[in-house]
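Participant: Below are the sequence and a predicted model; questions follow.
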Amino acid sequence: MNDTTELPALAVERLARGPQGRRAVISRDELIAAAMSLLGPTRSVSTLSLREVARAAGIAPNSFYRHFRDIDDLAIALIELAGSSLRRIFSEARQRISTDRSVVRTSLEVFMEQLNAEAGYLDLLLREGKVGSEAFKQAVEKQLVFFEEELMTDLLRLEALNGHKLHRADLVARAITRLVFVMGASAATQSPQAQLETLEQTALMLKMILMGSRTLALTET
């Protein structure tokens, strides 16, 4: 995967105009945009076919191989794009947190926003981590580990600002990440009101995790 963390607007615009006959040249990002346009709440990347993606992108099937080895290679690129884009969004939100703003509340609000976002990145990760092929599940797992590592760094920074210490910050970050994704998968099919209730329940669970870690840290001193 290249360093691009979100699809350039030009790629999306070209795709929106629809195929103008078969094109001789297409970018990697435009192929990814074409694949994303075919996905939906109930459709896994594992159901995409090479010919289907090529048709959506307006290219001959052979042109596909200029950028990807096969359809699975494209699918993993989609998962990596979703993960890197979401990590950037969450990281930017956490960087704005100060001593008067809860990391739990901020992270959950951003999570719910992304759950209903048109880009569909979070929906893709939640879906592929549950029903995708083994290779896709491993790709999602890799992205979750990245989430955990970045969350742990931010947790340590924010807890220090508030004069707190955490016991096993690595496990705290892992517990928070896994819980949020499990609850998010449930919330994905809920009504807006039910999503708010799920958010409140999850926020309380995460506070319990943090309070438990802080308490354990005090016994170490």
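Facilitator: Good, I have the coordinates.

Participant: what about the residue nearest to residue 70 when sequence neighbours are not counted, how many neighbours?
Facilitator: The shortest distance from residue 70 to any non-neighbouring residue, by Cβ to Cβ, 6 or more residues apart in numbering, is to residue 50 (7.2 Å). Every residue, glycine included, has its C-beta placed from N, CA and C. When counting by other Cβ atoms under 10 Å, one arrives at 16 neighbours for residue 50.

Participant: Now the element after the helix or strand hosting residue 153, going C-ward?
Facilitator: If you go by DSSP states H and E, residue 153 is part of helix 134-161. Next helix or strand after helix 134-161 toward the C-terminus (DSSP H and E): helix 169-187.

Participant: From the contact counts, what lies against that following helix?
Facilitator: helix 103-115, helix 121-131, helix 134-161, helix 192-219 (3 or more Cβ pairs under 8 Å, 6 or more residues apart in numbering; DSSP states H and E).

Participant: Low-confidence bits of the chain, can you list those?
Facilitator: Within the chain, the stretches with pLDDT under 70 are 1-24, 97-101, 221.

Participant: Would you mind splitting it into its domains for me?
Facilitator: Domain ranges of the chain: 9-66, 82-219, per automatic domain parsing.

Participant: picking that back up, looking at the helices and strands packed on helix 169-187, spot the one closest to residue 25.
Facilitator: Proximity to residue 25 (Cβ to Cβ) singles out helix 121-131 among the helices and strands packed on helix 169-187, at 26.7 Å.

Participant: Between helix 103-115 and that closest one, find me the angle.
Facilitator: 90 degrees (axes from the mean of the first three to the mean of the last three Cα atoms, to 10 degrees).

Participant: Residue 102: neighbour count?
Facilitator: Neighbourhood size, residue 102 [other Cβ under 10 Å]: 16.

Participant: And the one 5 residues further on, by the same measure?
Facilitator: Other residues near residue 107 come to 23 when the count uses other Cβ under 10 Å.

Participant: about what we covered before: can you put the domains of the chain in TSV and add distance to residue 75?
Facilitator: Below are these laid out as TSV (distance: least, Cβ to Cβ, whole Å):
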stretch	distance to residue 75
domain 9-66	4
domain 82-219	6
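
Participant: between those, which one is nearest to residue 76?
Facilitator: Comparing the domains of the chain by Cβ to Cβ, domain 82-219 comes nearest, at 4.8 Å.

Participant: Between the two ends of that closest one, how far is it?
Facilitator: 40 Å (Cα to Cα, to the nearest Å).

Participant: Using PDB, write out every CA atom in stretch 44-56.
Facilitator: These are the backbone C-alpha positions of stretch 44-56, laid out as PDB (Å, rounded to 0.1, in the frame of the first residue of the first chain):
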ATOM      1  CA  SER A  44     -18.200  -8.200   1.700                       C
ATOM      2  CA  VAL A  45     -15.100  -7.400  -0.300                       C
ATOM      3  CA  SER A  46     -14.700 -11.200  -0.700                       C
ATOM      4  CA  THR A  47     -17.700 -11.100  -3.100                       C
ATOM      5  CA  LEU A  48     -16.100  -8.700  -5.500                       C
ATOM      6  CA  SER A  49     -14.900 -10.000  -8.900                       C
ATOM      7  CA  LEU A  50     -12.100  -8.700 -11.000                       C
ATOM      8  CA  ARG A  51     -14.400  -8.200 -14.000                       C
ATOM      9  CA  GLU A  52     -17.000  -6.400 -11.900                       C
ATOM     10  CA  VAL A  53     -14.400  -3.900 -10.500                       C
ATOM     11  CA  ALA A  54     -12.900  -3.400 -14.000                       C
ATOM     12  CA  ARG A  55     -16.300  -2.700 -15.400                       C
ATOM     13  CA  ALA A  56     -17.100  -0.200 -12.700                       C
END
